[in-house]
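*Asks:* Starting from these lines, generate the structure:
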Amino acid sequence: MKLHFHRRFVPVAAVVVAATLALGGCGVGQSAAAHVEGTPILTKNVDLLSRITCTDLANSQAPTGTNTKPVSIIRGQAVQTLIDAQVADLMARQRGTSYDKTQLAQTMAQVDNALPQLPKDDQQPARDLIEQLVRAGLEIQEIGHDALVADGQSHPDAQAAVNKGQELQRAFEKKIDIQVDPRYATAKSAAGDQMSVPVSQFAKAGAKSQPTQLWTIQLPASQRCG
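*Replies:* Below you'll find the model as predicted:
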């Protein structure tokens, strides 16, 4: 199954830091939310990234209720982010591309200052996961930089490198096998796999990719973040 995702992994370290500061075969198995070329995206990492995001939303300065999101959306976005990071790492390994280790170290130093805001049991796993995401972002930036230099640009800026890297990543995704558990709506296949069809007005409103705040705040507390 070849998938093309529209929501890109944003390889800007500050995005990851901001989130933390506020805080057999290729088939999809029970322990995996997705597979990228057979490598599993583990559900435990989806859960962890979702908890980090929920901590971010809970600690945000937005007025009460205006930044609330359904847990289902948060989890789907977490799957997408982890898929994008895995794709980026795979592409970098195939190209022999490295990354800026100094920038990674600087970013992780900021992350270390924010980790105490997370539950103690989550802190080291969260650090490892965030480092993976930041590294993947830096790899995409480096891939884009190298491509622009090859095209004749002597000193491409960082944003141009990011944009070019993401363009190359989109093309790369079309050539590899990505399988996603259909329960994760924002990372669904091009075939539109879904587990059930919503019938009530409330369910139909929730089935939208971006449900309204009015719909979201009516969810039980366990089903929303923020």
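*Asks:* And for Ser98, the neighbour number?
*Replies:* Number of residues near Ser98 (other CB atoms under 10 Å) recorded here: 10. C-betas here are computed from N, CA, C, even on glycine.
*Asks:* what are the ranges of the strands in the chain?
*Replies:* Assigned strands in the chain, in chain order: 32-36, 39-42, 69-70, 178-180, 224-225 (criterion: DSSP state E).
*Asks:* what's the closest of those strands to Asp146?
*Replies:* With respect to Asp146, and counting by CB to CB, the nearest of those is strand 32-36 at 22.2 Å.
*Asks:* Quick one: list the elements packing against that closest one.
*Replies:* Strand 32-36 makes packing contacts with strand 39-42, helix 43-59, helix 71-95, strand 178-180 when contacts are defined by 3 or more CB pairs under 8 Å, 6 or more residues apart in numbering; DSSP states H and E.
*Asks:* Using a markdown table, lay out these together with mean pLDDT.
*Replies:* What follows is those, written out as a markdown table (pLDDT from 0 to 100):
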| stretch | mean pLDDT |
| --- | --- |
| strand 39-42 | 94 |
| helix 43-59 | 82 |
| helix 71-95 | 89 |
| strand 178-180 | 91 |
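*Asks:* circling back to that earlier point, out of the strands of the chain, flag the one nearest Ala158.
*Replies:* Nearest to Ala158, of the strands of the chain and by CB to CB, is strand 32-36 at 25.8 Å.
*Asks:* List the pairing partners of the closest one within its sheet, with orientation.
*Replies:* Within its sheet, and counting by DSSP bridges, strand 32-36 is paired with strand 39-42 (antiparallel), strand 178-180 (antiparallel).
*Asks:* looking at those, which is buried most?
*Replies:* Between the strands paired with strand 32-36, strand 178-180 has the highest mean count of neighbours, a mean of 23, where neighbours are mean count of other CB atoms under 10 Å.
*Asks:* What separation do you get for Ile41 and Gly144?
*Replies:* 24 Å (CB to CB, to the nearest Å).
*Asks:* Hmm, I typed the wrong one, I wanted Glu167.
*Replies:* For Glu167 relative to Gly144 (CB to CB), the value is 8 Å.
*Asks:* Comparing the two, which shows the higher neighbour count?
*Replies:* Taking neighbours as other CB under 10 Å, Glu167 and Gly144 compare with Gly144 leading, 25 against 14.
*Asks:* residues in contact with the residue nearest to Ala147 when sequence neighbours are not counted?
*Replies:* In space, Ala147 comes closest to Lys164 once its chain neighbours are excluded; the distance is 5.3 Å by CB to CB, 6 or more residues apart in numbering. Neighbour list for Lys164: 143-145, 147-148, 156 [criterion: CB atoms under 8 Å, 6 or more residues apart in numbering].
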